[in-house]
Every structure is written in C-alpha cells, then in structure tokens.
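[1] what follows is a predicted protein model with its sequence.
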Amino acid sequence: MGLVGCIFELVVLTCLAGGIVCNAIVVGGCDMLNLVLRNGSIGPWRADIDGGGCVMWGNDAAIIAQADWLINMGRICSMLGLIMGCVLTFFAIFKQCLCPLPCSQCILDLSGLGLQISLALVWPMIRSTVCDEYGCRWGSGATALLLAQIFFLAAGCFTRCMREPRYERRKKERKEEEKKKAAAEEEHP
C-alpha cells in the first residue's frame, strides 16, 4: 500500500476539504433555488424572496410564514451534513496522522453514510410551498450541494484504501531498525 495508499490518502484529504467548503457554501448561501416568478432565491438558511438581499429565514415575518417543513428539513440536514463532514475529517486526520482513536474506522464509515443521507435530504426543498408559489429552478447552491456529496462520497469510500496510519508505519520502521542492529551485532560481536 505504499505509493497507491499515499495517493488515496491525498485524495481523501483533498475530498474532505472540498466537501467541507462546498457544504459551507450550501449552508451560508441563499442561491440554492432561484425563484422564477420573482427576482430572488432561497437557500436552506437564507432567503432573498423579493430580490432585496439575503436575510436569515428567522429575521422576516413574511419569510418565516413561507418556511414549511421541507425548508426546515433542508436547514437541519444541511447543518447536520456540515457537522458530520467535520467529524469525518477529524477522525480521518487523527487516524492517519496523529494517534489511534477507538472505533475510528467504524466512525468514519457511519459518519460517511450519515453525511450522504443528510445531504440527500436537502434536495426536496424544491417541493416546498415557496417553490409551489413562486416557481423554482436550481441555482449555484445546488451545484455546491452536488459537489459536496461527490467529494464526501469519494472520501468515505477511499478511507479504506489509505496506507496504514503513521504510528503503525513508525512501529514497523523501529522493528526493522532493531532487526538490523541485532543482525549487525551478531556479525560483529
């Protein structure tokens, strides 16, 4: 798993960084869905219904009235996806670079699966009452959501293909050095 494992390790870390950035764009943006009948857009956490600028869903009474359960599910699931992406990144970095954590591969697998499920539950926002009333089409936030899912899927799959963790490689190196020293001492007592 030498060179190939190192390549997979770089792929995983790059995909994790890309996934977190794209998911943060989804959470922080208000252009996931563009409104057809108005000059505005909505996102999981922010809305621009009248084209006057992005505001949080909870800051305007007119906007709060239009936030139905599909938008609230998109809000919760987008933030949950960001949190699970951070957990996945934390455990991947600790497992690979720093020190062993208990059940790290199991937590990597479960957080990768939960992350995919939570990000998939953001897509139904297009069926919300806001979209029924004003009409919606996908915006650039939807592209960021798709990229986040692809990045996190690749990272979750390739965590099993990485080379052995650093602390295990160090143990093997120490054992090899001890064998070489012991062999050298036996040859030259």
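    Alright, I've got the coordinates.
[2] need the longest helix for the protein.
    Secondary structure of the chain per DSSP state H: the longest helix is helix 2-28.
[3] wait, a helix at Ala47?
    No: under the criterion used here (DSSP: H, G, I helix; E, B strand; the rest coil), Ala47 is strand, not part of a helix.
[4] and the next helix or strand after the longest helix of the chain, which strands flank it?
    Moving toward the C-terminus from helix 2-28, the next helix or strand (DSSP states H and E) is strand 33-35. Strand 33-35 pairs in its sheet with strand 40-42 (antiparallel), strand 136-138 (antiparallel), by DSSP bridges.
[5] next SSE downstream of the last one?
    In other words, strand 136-138. helix 140-158.
[6] buried residues, that following helix. List them.
    For helix 140-158, the buried set under the neighbour-count rule, 16 or more other Cβ atoms under 10 Å, comprises 141-142, 144-145, 147-149, 151-156, 158. The C-beta positions use only the backbone N, C-alpha and C, and glycine is treated the same way.
[7] for those residues, give me CSV that also has distance to Cys6.
    As requested, those are exported to CSV (distance: Cβ to Cβ, whole Å):
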residue, distance to Cys6
Gly141, 34
Ala142, 34
Ala144, 29
Leu145, 30
Leu147, 24
Ala148, 25
Gln149, 26
Phe151, 19
Phe152, 21
Leu153, 21
Ala154, 16
Ala155, 16
Gly156, 19
Phe158, 12
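[8] could those residues go into JSON lines alongside pLDDT and distance to Phe8?
    Formatted as JSON lines, those follow (pLDDT from 0 to 100; distance: Cβ to Cβ, whole Å):
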{"residue": "Gly141", "pLDDT": "93", "distance to Phe8": "30"}
{"residue": "Ala142", "pLDDT": "95", "distance to Phe8": "29"}
{"residue": "Ala144", "pLDDT": "96", "distance to Phe8": "25"}
{"residue": "Leu145", "pLDDT": "96", "distance to Phe8": "25"}
{"residue": "Leu147", "pLDDT": "97", "distance to Phe8": "20"}
{"residue": "Ala148", "pLDDT": "96", "distance to Phe8": "20"}
{"residue": "Gln149", "pLDDT": "96", "distance to Phe8": "19"}
{"residue": "Phe151", "pLDDT": "96", "distance to Phe8": "14"}
{"residue": "Phe152", "pLDDT": "95", "distance to Phe8": "15"}
{"residue": "Leu153", "pLDDT": "94", "distance to Phe8": "14"}
{"residue": "Ala154", "pLDDT": "93", "distance to Phe8": "10"}
{"residue": "Ala155", "pLDDT": "91", "distance to Phe8": "10"}
{"residue": "Gly156", "pLDDT": "88", "distance to Phe8": "12"}
{"residue": "Phe158", "pLDDT": "86", "distance to Phe8": "5"}
